[in-house]
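[1] structure of the sequence below:
(one chain, ligands or ions: 1)
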Amino acid sequence: MKLYYSPGACSLADHIALREAGIDFDYERVDLHARVTESGQDFLAINPKGYVPALHLDDGEMLTENVAVLDWIASRAPVLQVAGSLGRTRVLEMLTYITTEIHRAYKPLWHGGEGAQQAEARATISTLLQPIEAGLSNDYLFGVAPSVADFYLFVMLLWARKFEIELPDRLSQLRDRMMARDTVRTAMTVEGLHV
Ligand SMILES: N[C@@H](CCC(=O)N[C@@H](CS)C(=O)NCC(=O)O)C(=O)O
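    The predicted structure follows:
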């Protein structure tokens with residue numbers, strides 16, 4: 001199995017999830033501008049969508065889209081699953097909120113929007129994070145152990161630091177708690193990120 005990633009991109013969530021799941025995997029960095037992998041392969045030939053994450057499974061299948069990749073990883077790792085009849089649905093609900101609302105709201109910040117657009121994006125992200133913060137009653141989103149949604153949220157919180165978006169206390173504590181995990185530190189080190 002091989003994860004195609006870009007340092008500090010949303011694929012970091014999948015990278016952490018694979019480590020937390022204890023799954024054996026290989027990884028290869030992608031230059032998203034040149035659309036070339038570290039070993040010189042045309043990334044568009046690997047994933048015609050041209051973005052990460054892309055997870056090449058051992059049977060030859062290619063998985064893309066954070067929600068699908070993270071749900072697949074969780075399906076292989078009981079330790080990452082949320083208990084209860086609505087457990088998986090609640091995780092999917094949170095993953096969907098993160099990908100369609102929060103992740104998307106970062107676009108002007110990543111893609112050099114004008115000053116006003118960037119200010120608006122920061123305000124939007126702060127507003128979107130509020131319901132998550134309000135619902136936090138434990139160490140992680142769904143209890144004392146992290147779920148795949150925590151890994152995706154973690155990346156959004158790292159981006160908040162990068163783009164100087166102030167976080168409410170409970171979210172900055174969640175980010176610090178995630179940073180203290182061995183899997184997270186290893187994934188970030190492998191990606192060449194500051195830990
Ligand atoms: N719909 C995709 C979007 C993934 C995505 O936006 N990936 C970014 C990195 S965070 C990327 O590869 N961008 C490069 C590009 O779109 O050219 C998903 O949810 O997985």
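
[2] residue of the chain closest to the ligand, please.
    Closest residue of the chain to the ligand, C-beta to the nearest ligand atom: Tyr51 (3.0 Å). C-beta here means a position set from N, CA and C on the backbone, and glycine is covered the same way.

[3] residues touching the residue nearest to that residue when sequence neighbours are not counted, list them.
    Computed as C-beta to C-beta, 6 or more residues apart in numbering, the closest residue to Tyr51 that is not its neighbour in sequence is Leu32, at 7.0 Å. When contacts are counted by C-beta atoms under 8 Å, 6 or more residues apart in numbering, Leu32 touches 6, 9, 43, 50-52.

[4] could you find the closest non-adjacent residue to Glu191?
    Pro7 (4.2 Å).

[5] just the CA coordinates for stretch 109-126, please, in CSV.
    Coordinates of each C-alpha in stretch 109-126 appear next as CSV, following Å, rounded to 0.1, in the frame of the first residue of the first chain:
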residue,chain,number,x,y,z
LEU,A,109,-5.5,31.6,2.1
TRP,A,110,-3.7,28.8,0.2
HIS,A,111,-4.3,30.3,-3.2
GLY,A,112,-3.2,33.8,-2.6
GLY,A,113,-6.6,35.5,-2.5
GLU,A,114,-6.7,39.3,-2.1
GLY,A,115,-6.4,40.9,1.4
ALA,A,116,-10.2,41.3,1.9
GLN,A,117,-10.8,37.7,0.7
GLN,A,118,-8.2,36.4,3.1
ALA,A,119,-9.7,38.4,6.0
GLU,A,120,-13.1,37.0,5.2
ALA,A,121,-11.7,33.5,5.0
ARG,A,122,-10.2,33.8,8.4
ALA,A,123,-13.5,35.0,9.9
THR,A,124,-15.4,32.3,8.2
ILE,A,125,-13.0,29.6,9.5
SER,A,126,-13.3,31.0,13.0
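
[6] identify the residues contacting it?
    102, 105-108, 156, 159-160, 163-166.

[7] filter those residues down to just the ones in helices.
    Filtering these for membership in helices, criterion DSSP state H, returns 105, 107-108, 156, 159-160.

[8] neighbours of the residue nearest to Glu191, how many?
    Residues contacting Pro7 under the criterion other C-beta atoms under 10 Å number 14.

[9] please apply the same query to the one 10 residues further on.
    Counted with other C-beta under 10 Å, the neighbours of Ala17 add up to 31.

[10] save the contacts of Leu32 as CSV, and put in distance to Gly84 and pLDDT too.
    Converted to CSV, those look like this (distance: C-beta to C-beta, whole Å; pLDDT from 0 to 100):
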residue, distance to Gly84, pLDDT
Ser6, 34, 98
Ala9, 31, 98
Phe43, 39, 98
Gly50, 37, 98
Tyr51, 33, 98
Val52, 31, 98
